[in-house]
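Participant: Quick one, fold the following:
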Amino acid sequence: MFDKAKKMWELQGKAKKLQRELRDMRFTGEELGGKVKVTLSGEQKVLAIEIDDSLINVEEKEGLIKFLGQAFTSAAKKSQQAAANRTKEIVGGLGIPGL
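Facilitator: Numbering: from 1, shown residues only. This next block holds a predicted model:
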């Protein structure tokens, strides 16, 4: 019983460390050869959106919205994959069945 409690305590500490690491990570999704960029934190918060001046045109608005969405999705996938990999590293080392 004590051993399980100790492992859960360790897991809680490692989860907090992971949260801090994710906060400091940056992921950028790009579309149109880098003309549209979205940068997210590891917590998947939007940190920056960059749009090349050549794309700012009323007639191009719908396309721009589409590419912004794709760039955001690209950055979010990178962030999610990094979080999943890091979580596996942390939890795998604890030897808790089912986690």
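Participant: got the contact list for Leu18?
Facilitator: For Leu18, the contact set (Cβ atoms under 8 Å, 6 or more residues apart in numbering) comprises Ala83, Arg86, Thr87, Ile90. (Each C-beta comes from the backbone N, C-alpha and C, glycine too.)
Participant: And the pLDDT at it?
Facilitator: Here, the pLDDT recorded for Leu18 equals 82.
Participant: Would it be right to say that it lies in a strand?
Facilitator: No - secondary structure assignment (DSSP: H, G, I helix; E, B strand; the rest coil) places Leu18 in helix, not in a strand.
Participant: Filter the contacts of Leu18 down to the buried ones and hand me the PyMOL line.
Facilitator: Entered in PyMOL, the line below selects the buried ones among those, by 16 or more other Cβ atoms under 10 Å:
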select buried, resi 83+86+90
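Participant: how about the contacts of Leu18 in TSV, adding distance to Glu50 and pLDDT?
Facilitator: Below are the contacts of Leu18 laid out as TSV (distance: Cβ to Cβ, whole Å; pLDDT from 0 to 100):
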residue	distance to Glu50	pLDDT
Ala83	24	85
Arg86	27	83
Thr87	30	82
Ile90	33	77
